[in-house]
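**Q** What would the 3D arrangement of this be:
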Amino acid sequence: MKNLKGIIFCSIFALIAYFTCRCGFCKSINLNSLTFAIIIGMIIGNIFNRFIPESFREGIVFSAKRLLRLAIVLYGFRITFQQIFAVGLQGFWADVIMLTTTYLLGYYLGTRVFKLDKDLCMLTAIGSSVCGAAAVLGTDSMLKADSHKVSLAVSTVVLFGTIAMFLYPFLAGLGIIPDSAFGIYIGSTIHEVAQVVAAGSAVSPSVCDTSVIVKLTRVMMLVPYLFLLGLYLAKKSHTKRTKVPMPWFAIMFVVMCGFNSLNLLPEIVKTGIIEFDIFLLTVAMFALGVETNFQKIKGLGIKPILLAGIMFIWLVVFGACTARFIV
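**A** Residues are numbered from 1 along each chain as shown. Here you go, the predicted structure:
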């Protein structure tokens, strides 16, 4: 298996992070394996990157993307439909408000103020407003934009999503937003699913559960967006609409939540699945850290970074106001 070496590489460091964070000191400072793993990954990916064999690369990318999606599906064993209904319309409306306003703000500023290419503006705006790199790649499957534009959009998502992952637990400590709203705040504003899991788990298990539910509701909103984009592009080019990609991992997450709601599994089995899921998430976090290359981000140019930065500030500030108002 061509991915095996990279997966083993990520798994070894994930095990180190997993067991290190079980010690008393790490628990006392609320350091979880997900946060620790991505820090280790970023150090290795940026300082020791040249020592990583090329044969590991595909497995690292596989861990950051495919294993992450499997981990999100298995995350459903922590959540029941009762919890989803408890989040209810509050989380849904927070998602709708933040997605719509962030996308429109990004596209308007990008095209009118910064005079950037429309495809780049669209990719950057959807990455910030929906679900990070997955939204960028899903949108590009229909736009067929130049590869450097896709890389620019993904890099800005990685940059500001990583900042958010460490900023939000700090904001939680300030007590500006009540705990009842913080999960909705995280899920409706942070870029990537992985970053939501890391930020939420650094605050509390209940906040993490709520944030994942809200985030995956936001992920599933990618489907109607891509459908509308397909109609727009078809009308514009007078060609047959491109097939819309489905976020199957988000749909399977809901299926697992439904199965978990039936309480069919013994508690010891469910506990084992949850622990295995934590390990998979830790593997994915380490891989994501290794893939976070600051040299690439440095070479982006100032305008795309400014655009993504303004959207990030909007998500942090207006997202906090929205969460407080809704809850």
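
**Q** Sketch out the helices for the stretch 201-327 of the chain, chain order is fine.
**A** Secondary structure of the stretch 201-327 of the chain (DSSP state H, counting those that start in this stretch): helices located at 205-220, 222-237, 248-261, 267-291, 294-298, 302-326.

**Q** same check, this time on the stretch 1-150 of the chain
**A** Listed in chain order, the helices of the stretch 1-150 of the chain (DSSP H, counting those that start in this stretch) span residues 4-20, 24-28, 33-47, 57-62, 68-74, 81-108, 118-126, 133-143, 147-174.

**Q** just to revisit the earlier point, compare the mean pLDDT across the helices of the stretch 201-327 of the chain and name the weakest.
**A** Confidence, taken as mean pLDDT, is least for helix 294-298 of these (a mean of 68).

**Q** picking that back up, make JSON lines out of the helices of the stretch 201-327 of the chain and add distance to residue 35 and mean neighbour count.
**A** (Glycine included, C-beta is placed from N, CA and C.) Written out in JSON lines, the entries for the helices of the stretch 201-327 of the chain read as follows (distance: least, CB to CB, whole Å; neighbours: other CB atoms under 10 Å):
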{"stretch": "helix 205-220", "distance to residue 35": "12", "mean neighbour count": "24"}
{"stretch": "helix 222-237", "distance to residue 35": "26", "mean neighbour count": "14"}
{"stretch": "helix 248-261", "distance to residue 35": "22", "mean neighbour count": "17"}
{"stretch": "helix 267-291", "distance to residue 35": "8", "mean neighbour count": "21"}
{"stretch": "helix 294-298", "distance to residue 35": "18", "mean neighbour count": "13"}
{"stretch": "helix 302-326", "distance to residue 35": "19", "mean neighbour count": "18"}
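
**Q** For residue 144, find the nearest of those.
**A** Put simply, out of the helices of the stretch 201-327 of the chain the one that sits nearest residue 144 is helix 222-237, at 9.5 Å, with distance taken as CB to CB.

**Q** just the angle between that closest one and helix 248-261, please?
**A** Inter-element angle recorded for helix 222-237 and helix 248-261: 150 degrees (by axes from the mean of the first three to the mean of the last three CA atoms, to 10 degrees).

**Q** could you say what helices and strands helix 222-237 packs with?
**A** Contact here means 3 or more CB pairs under 8 Å, 6 or more residues apart in numbering; DSSP states H and E; on that basis helix 222-237 packs against helix 133-143.

**Q** follow-up on the earlier one: just the helices of the stretch 1-150 of the chain: most buried one?
**A** A comparison of those by mean neighbour count, using mean count of other CB atoms under 10 Å, puts helix 118-126 on top with a mean of 24.

**Q** And the closest residue to residue 191 other than its chain neighbours, how far from residue 196?
**A** Excluding its sequence neighbours, the residue lying closest to residue 191 (CB to CB, 6 or more residues apart in numbering) is residue 161, at 3.5 Å. Using CB to CB, to the nearest Å, one obtains 9 Å as the distance from residue 161 to residue 196.

**Q** Mutual contacts of these two, please.
**A** Common neighbours of residue 161 and residue 196 are listed as residue 190 (criterion: CB atoms under 8 Å, 6 or more residues apart in numbering).

**Q** re earlier: and the helices of the stretch 1-150 of the chain as TSV, adding distance to residue 211?
**A** Listed next are those as TSV, based on distance: least, CB to CB, whole Å:
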stretch	distance to residue 211
helix 4-20	21
helix 24-28	21
helix 33-47	13
helix 57-62	25
helix 68-74	12
helix 81-108	9
helix 118-126	20
helix 133-143	17
helix 147-174	9
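
**Q** how about the ones you listed, which one is nearest residue 225?
**A** Each of the helices of the stretch 1-150 of the chain was checked against residue 225 via CB to CB, and the shortest separation belongs to helix 118-126, namely 7.1 Å.

**Q** Not counting its own residues, what contacts the closest one?
**A** Helix 118-126 is touched from outside by 102-107, 110-111, 135-136, 139-140, 143, 145-146, 149-150, 152-153, 156, 225, 304, 307-308, 311, with contacts defined as CB under 8 Å, 6+ apart.

**Q** Over to stretch 48-59?
**A** When contacts are taken as CB under 8 Å, 6+ apart, the neighbours of stretch 48-59 outside the stretch itself are 2-10, 44-45, 60, 290, 293.

**Q** can you tell me which residues contact residue 320?
**A** Counting by CB under 8 Å, 6+ apart, residue 320 makes contact with 171, 176, 177, 185.
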